[in-house]
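Visitor: Build the 3D model from these lines:
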Amino acid sequence: MSASVQAASIVETASYGPANLPAATSTTLNIAQFDASLGTLTGIKVELIGTSDGTLSVRRGNNGALVSVTYSTTMGVDYDLSLNSTSLFVVDVDSAVSVTVPRNRTVVGTATSGSGSDSVTFNDAGSLALFTGLGVVTFDLGLTPENVLPPSMSPINQNPSNGNMGTQTYTFANTAGAELLVTYTYVGIPEPLTLSLFGLSLVGLGVVRQIKRRS
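Guide: The predicted structure follows:
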């Protein structure tokens, strides 16, 4: 007779940043494989959590309307997680940003932030084998700034004779961070009760022999 088998799970993590993201970039994230000495791997959940912070800075020249102009748009980061050159999913993190700028001024808008996540699960034999061992599994992470130019800064509005906005320049500043979590679900190796019972029986025999010798 053996002990009842218990399902269990462990989580391995890897992270990126937070770091400035002036342009698209890529990196790798390493996750420790599942140690087969713990039991039999039955499932894998891969989850990515992306965070994005940023600001929009706008400069207006001295040749536009006297009134202040409010610029509203969205900015963020796309996170593309891949394994063995195959994209698993893309996490799209966007948030609204707004800045009001008087004529002949530069204004940095209030910092905006956002987060998002996605996940995928595996339980096929090939994936279970890939994630089992004493080494690491390497993921590729692509990070791309996703900043939308405010509509009021379209080329026609940048011409003072068309829209009277005056000369405008803008700067996006992105910061990106990501956390990768891999959850291993497995069946632990049971501790045989027969060994425990056998040990108890040996103790019992020893006690009986000592009693017989004394008698």
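
Visitor: C-alpha only now, for contacts and for neighbours.
Guide: Fine.

Visitor: which residues of the protein score low on pLDDT?
Guide: 1-5, 151-165, 191-215 (pLDDT under 70).

Visitor: CA atoms of stretch 114-124 as CSV?
Guide: Output of stretch 114-124 as CSV, limited to C-alpha atoms (Å, rounded to 0.1, in the frame of the first residue of the first chain):
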residue,chain,number,x,y,z
GLY,A,114,-0.6,51.2,-17.1
SER,A,115,-0.3,47.4,-16.8
GLY,A,116,-1.5,44.3,-18.5
SER,A,117,-1.0,40.6,-18.6
ASP,A,118,-1.6,37.4,-20.6
SER,A,119,-0.9,33.7,-20.1
VAL,A,120,-0.9,30.4,-21.9
THR,A,121,-0.9,26.8,-20.5
PHE,A,122,0.9,23.7,-21.8
ASN,A,123,0.3,20.0,-20.9
ASP,A,124,1.5,18.2,-24.1
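
Visitor: what comes up buried for that stretch?
Guide: Gly114, Ser115, Gly116, Ser117, Ser119 (16 or more other Cα atoms under 10 Å).

Visitor: Now do Val91 against Asn84, distance only.
Guide: 18 Å (Cα to Cα, to the nearest Å).

Visitor: Those two: which is more packed in?
Guide: For Val91 versus Asn84, the count of surrounding residues by other Cα atoms under 10 Å is larger for Val91: 20 against 10.

Visitor: A strand includes that one, no?
Guide: Yes - the assignment for Val91 by DSSP: H, G, I helix; E, B strand; the rest coil puts it in a strand.

Visitor: who's the nearest residue to it once chain neighbours are set aside bridged to?
Guide: When the adjacent residues along the chain are set aside, Val91 lies closest to Tyr79, with 5.0 Å between them (Cα to Cα, 6 or more residues apart in numbering). Here Tyr79 sits in beta bridges with Val91, Leu143, going by DSSP bridges.
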